[in-house]
Every structure is written in C-alpha cells, then in structure tokens.
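*Asks:* Got a predicted model here, sequence first, then my questions.
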Amino acid sequence: MLEGLNENNIPYHVNGDEASNHGYIVNIAFPWVKNDILLANLDLENIAISSGSACTAGAIEPSHVLVSMYGKDDERIHHSVRISFGHHNTIDEVEVLIQVLKKLYDKLG
C-alpha cells in the first residue's frame, strides 16, 4: 500500500517507527485531509478504516497513543487513521484503496 501511495504522489506520514510496524496494520496520517472527512468519503466507497485502535472503536476522542507520541496539539492527531489488512484482503482491494485515495487527494488535497 505504501508503495502505491508513493507511486501516486499521495502525501502521507506513517506514525511510529515504520520498521517496527506490523505489516498488516498501519497508523498513517494524511496531512491533506482530516480523518473524519476521510472516513466519511471512504465509507461512501465501501471502504472501512478507523481513526482509532480496535480497543477504542466508537470513541470520539483522539488516539491517546498519538497524543502521547506527538502532543495533544499536533495536527497528525486529526489527520491519522488506522488501516488494517487481513488474510482475506486481496491486492486488488489494496489497489482500489489507493485509487480512491488518489481521487480524494486530487479533489481535497
């Protein structure tokens, strides 16, 4: 997915140490869109991601982990999402996600 973002010139920042991230879960900030707007637009495309950890699903407060890492006033807190992949996800689904993100970046970025 990150290669696809790079190939399509979609700005992002991986939160945390990229080398220690699990390959199937990434917490990523898209500086060009707030996470609530991104979530709504992806939902309209039938793509489900989250703005928080699985253990805080449904919470409206910013991620306590991101607040600890960056401070409560850092913009990444309002631009970060968690994208999880499972063994049922296909490369085609990843490519659809990248294309939808590209379309949104062209529209909102």
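*Replies:* Arrived safely. Treat the numbers as computed from the prediction; the structure is a model and nothing was measured. Numbers count the residues shown, from 1 in each chain.

*Asks:* Can you point out the buried residues in the top helix by length along the chain?
*Replies:* As assigned by DSSP state H, the longest helix anywhere in the chain is helix 91-108. For helix 91-108, a neighbour-count test (16 or more other C-beta atoms under 10 Å) marks Leu97, Ile98, Val100, Leu101, Lys102, Leu104, Tyr105 as buried. (Each C-beta comes from the backbone N, C-alpha and C, glycine too.)

*Asks:* contacting residues for the second one?
*Replies:* Contacts were defined as C-beta atoms under 8 Å, 6 or more residues apart in numbering; by that measure Ile98 touches Met1, Gly4, Leu5, Asn8, Ile10.

*Asks:* Now, of those residues, which are buried?
*Replies:* Buried members of the contacts of Ile98, scored by 16+ other C-beta under 10 Å, are Met1, Gly4, Leu5, Ile10.

*Asks:* Can you say which helix or strand has the second one in it?
*Replies:* Following DSSP states H and E, one finds Gly4 within helix 2-7.

*Asks:* chain center to whatever helix or strand comes next after that helix: distance?
*Replies:* Remark: after helix 2-7, the chain's next helix or strand is strand 13-14, criterion DSSP H and E. Computed by C-alpha atoms, centre = their mean, to the nearest Å, the separation of strand 13-14 from the middle of its chain amounts to 9 Å.

*Asks:* Give me the sheet partners of strand 13-14 and which way each runs.
*Replies:* Neighbouring strands of strand 13-14 in its sheet, by DSSP bridges, are strand 25-29 (antiparallel).

*Asks:* The strand it pairs with: which residues count as buried?
*Replies:* Buried residues in strand 25-29, counting neighbours by 16+ other C-beta under 10 Å, are found at Val26, Asn27, Ile28, Ala29.

*Asks:* and if you look at stretch 80-92?
*Replies:* For stretch 80-92, by 16+ other C-beta under 10 Å, it's Ser80, Val81, Arg82, Ile83, Phe85.

*Asks:* tell me which of these is nearest to Met69?
*Replies:* For those, the residue nearest Met69 by C-beta to C-beta is Ser80; the value is 10.1 Å.

*Asks:* what bits of the chain have low per-residue confidence?
*Replies:* Along the chain, segments meeting pLDDT under 70 span 18-21, 52-61.

*Asks:* Nothing else from me, thank you.
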